[in-house]
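Novice: Give me coordinates for this.
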Amino acid sequence: MIFGIGTDLIEVDRIAKQVDGDTRFKEKIFSAREIAYCESFKVNKAQHYAARYAAKEAFFKAIGTGYRGGLAFHEISIENDDQGKPEIVLTGKAKDFAIQHAFGKIHISLSHIKSLASAIVIIEK
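Specialist: Have a look, this model is predicted:
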């Protein structure tokens, strides 16, 4: 059974300005593992930050609450498995929310090009 579906599209330049200008933005929005992953790219790292930001927004849409209820962006971490497939790892209140609502599998798809990044999240129950 589907609990929720969310999608988001964001301009890469918008995120580039934030991650290049204010390091607190990175720490507020992204987990340490996400920052390490995105910073490992010497070219177009903003595309990777933007795709992960879009995924977090898509997650909030999928749970039906938007960004509220005490959940934090950095508690939703987009990490890659051994084969490079992105997956969502929840911590803190986001993890508690998932347990409380009996989430099953969380599916995620990321896409990015020079100017845009997008994500789709599907949560099973």
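Novice: for this protein, longest helix please?
Specialist: Counting residues, the longest helix in the chain under DSSP state H turns out to be helix 45-63.
Novice: With just CA atoms, put that one into CSV.
Specialist: Output of helix 45-63 as CSV, limited to C-alpha atoms (Å, rounded to 0.1, in the frame of the first residue of the first chain):
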residue,chain,number,x,y,z
LYS,A,45,28.9,19.6,-7.0
ALA,A,46,25.9,21.9,-6.8
GLN,A,47,23.9,19.5,-8.9
HIS,A,48,24.3,16.8,-6.3
TYR,A,49,23.4,19.1,-3.5
ALA,A,50,20.3,20.3,-5.4
ALA,A,51,19.2,16.7,-6.2
ARG,A,52,19.4,15.8,-2.5
TYR,A,53,17.6,19.0,-1.5
ALA,A,54,14.8,18.1,-4.0
ALA,A,55,14.6,14.6,-2.4
LYS,A,56,14.1,16.1,1.0
GLU,A,57,11.3,18.3,-0.3
ALA,A,58,9.8,15.4,-2.1
PHE,A,59,9.9,13.4,1.2
PHE,A,60,8.1,16.1,3.1
LYS,A,61,5.4,16.1,0.4
ALA,A,62,5.2,12.3,0.5
ILE,A,63,4.5,12.3,4.2
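Novice: which stretches of the protein have low pLDDT?
Specialist: Residue ranges of the chain with pLDDT under 70: 22-23, 66-68.
Novice: ok, which stretches of it are helices?
Specialist: 12-21, 23-29, 32-39, 45-63, 92-100.
Novice: chain center to the shortest one: distance?
Specialist: Right, the one you point to is helix 23-29. The chain centroid and the centroid of helix 23-29 are separated by 13 Å under Cα atoms, centre = their mean, to the nearest Å.
Novice: when you give positions from now on, start the count at 802
Specialist: Let's use 802 as the start, then, which means that last one is helix 824-830.
Novice: can you list contacts of it?
Specialist: Contacting residues not belonging to helix 824-830 are listed as 819-820, 836, 850, 854, 857, 874-875 [Cβ atoms under 8 Å, 6 or more residues apart in numbering]. To be clear about C-beta, it is placed using only N, CA and C from the backbone, and glycine gets the same treatment.
Novice: What of the first one?
Specialist: Residues lying outside helix 813-822 but in contact with it, judged by Cβ under 8 Å, 6+ apart, are 826-827, 839, 846-848, 850-851, 854, 913, 915-918.
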